[in-house]
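> pasting the sequence and the predicted model now:
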Amino acid sequence: MITGYGNVSRELMKLILEKEAFLNDQYGLEWRITSIVGSRGMVYEKGGIDLLSLLEFGTGSNALEEYCEMKNLELLPFSINDQDVLIESTPTDIFTGGSGLAYSKSAIENGLDVVFVSKGALVNSQKEINALAASHHVSLKFSGATAAALPTIDIVQNSLNGTVIKSIEGILNGTTNFILSKMHHESISFETALEIAISQGIAEKNSTLDIGGFDAAAKAIILANNIYDQELTIKDAEITGIDDVAIKDILHAKERDKKIKLIAKITKDKDGAKVKVAPMELSSDHLLYYVDETNKGIIFHTEEMGSICAAGGASNIRATAAAVLKDLINLYKGD
Ligand SMILES: NC(=O)C1=CN([C@@H]2O[C@H](COP(=O)(O)OP(=O)(O)OC[C@H]3O[C@@H](n4cnc5c(N)ncnc54)[C@H](OP(=O)(O)O)[C@@H]3O)[C@@H](O)[C@H]2O)C=CC1
Ligand SMILES: N[C@@H](CC=O)C(=O)O
């Protein structure tokens with residue numbers, strides 16, 4: 001079941017169709033998507049939605065309505081039927097959790113595992129969601145909500161088990177990194193670079209979430225809450241976006257072989273974890289200096305393993321869909 005039929009969900013359908021044989025051969029997995037929920041209602045077909053036909057239309061409720069018309073179906077009110085997993089991909093509401101919170105709670109209460117692409121539910125209510133999931137014996141995955149194709153939470157939950165993570169710093173938002181890179185390397189204006197990011201489908205529906213640093217903060221909060229067992233929300237983060245970064249600031253940094261990057265920092269002291277997002281000048285001895293365009297990067301500073309850096313995982317809808325597919329595979333392989 002999918003909530004939110006936008007760019008990412010549609011790309012996921014394409015991936016599932018393209019990789020159908022591979023998923024079956026390699027992992028013994030076969031999925032049927034029986035429900036897709038848009039803001040105007042839900043398509044439900046017990047035997048599975050005809051993805052090839054649906055892909056003939058665009059995205060959103062218009063596409064769902066056109067599909068229903070073609071198949072002689074009605075859009076139904078949201079309900080959960082016989083599904084195993086929800087992929088939550090509605091627009092992120094970082095201040096209240098929005099529809100993503102309502103859909104995911106309802107899914108968990110009905111025994112579905114949840115793969116989060118949106119961040120609102122987790123940023124607002126991670127503890128409540130974790131407790132609900134535990135009481136209903138379901139699993140949660142959220143790579144899509146924690147920088148998608150850039151591995152972050154997977155590293156924490158696998159590669160860093162047993163270590164003390166002292167602090168984290170990262171470039172967690174592709175849109176702002178793209179804008180800053182285009183300004184730095186090509187002297188493209190802020191506005192033009194933002195338009196390109198929007199046209200590529202990587203900016204949030206409300207792009208002030210990217211520009212204002214809220215999206216990076218949301219991802220950092222989800223990581224901080226999971227790593228340090230905290231209950232931070234967006235109100236607890238100190239956030240400065242790139243709104244006030246002017247081309248003269250970029251050029252001033254460039255003259256001194258520096259780059260301005262939007263950096264999210266997670267620190268922990270005796271009072272708990274703190275999240276801070278702000279534009280910073282990085283010099284070329286900083287690993288994140290080399291993370292350009294829509295790429296992202298993260299450095300975990302650990303007590304036992306030193307510093308571990310992952311970089312790449314460019315923000316784009318195919319890479320995000322692939323991160324969702326990875327979560328689905330990791331949920332069910334070996335079942
Ligand atoms: N794009 C990206 O690269 C990435 C996106 N994400 C996250 O994934 C989520 C989806 O992103 P993306 O696909 O780009 O966004 P889109 O805006 O393309 O898609 C979201 C879809 O949700 C639908 N929608 C809106 N309100 C509701 C509602 N109440 N119930 C059901 N459906 C609703 C909208 O269609 P309609 O209203 O017409 O039904 C829209 O098509 C976001 O939360 C984003 O933060 C995460 C990682 C990367
Ligand atoms: N808007 C985000 C994409 C989803 O998380 C970004 O630019 O990285």
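Received it, and whenever you're ready, just let me know what you need. Ligands and ions are numbered 1, 2, ... in the order given.
> and the one residue in the chain that gets nearest to ligand 1, how many neighbours?
Relative to ligand 1, the nearest point of the chain is G6 (1.6 Å; C-beta to the nearest ligand atom). (C-beta placed from N, C-alpha, C; glycine too.) G6: 21 surrounding residues under other C-beta atoms under 10 Å.
> quick check: it touching G60?
Yes. Using C-beta atoms under 8 Å, G6 is in contact with G60, at 6.4 Å.
> centroid residue for the protein?
Computing the C-alpha centroid of the chain and ranking residues by C-alpha atoms, centre = their mean puts A145 first, at 2.8 Å.
> does it really touch V114, like I thought?
No. Look at A145 against V114 with C-beta under 8 Å: they stay out of range, at 10.6 Å.
> ranges for the strands of the stretch 51-200 of the chain?
With DSSP state E, counting those that start in this stretch as the criterion, the stretch 51-200 of the chain has strands at 85-88, 113-116, 140-141, 165-171.
> the longest one: which residues count as buried?
Okay, so that is strand 165-171. 165, 167-171 (16 or more other C-beta atoms under 10 Å).
> tell me the mean pLDDT over it?
With pLDDT averaged residue by residue, strand 165-171 scores 98.
> from the contact counts, what lies against that strand?
Packing partners of strand 165-171 (3 or more C-beta pairs under 8 Å, 6 or more residues apart in numbering; DSSP states H and E): helix 214-228, strand 258-269, strand 296-302.
> what lies in contact with the next helix or strand after the longest one?
Looking back up the chat, that one is helix 214-228. The first helix or strand that comes after helix 214-228 along the chain, using DSSP states H and E, is strand 238-239. Contacting residues not belonging to strand 238-239 are listed as 212-214, 217, 274-278 [C-beta atoms under 8 Å, 6 or more residues apart in numbering].
> give the pairing partners of strand 238-239; include direction for each.
Counting by DSSP bridges, the strands paired with strand 238-239 are strand 272-283 (parallel).
> how far off centre is the strand it pairs with?
Taking C-alpha atoms, centre = their mean, to the nearest Å, one finds strand 272-283 lying 20 Å from the centre of the chain it belongs to.
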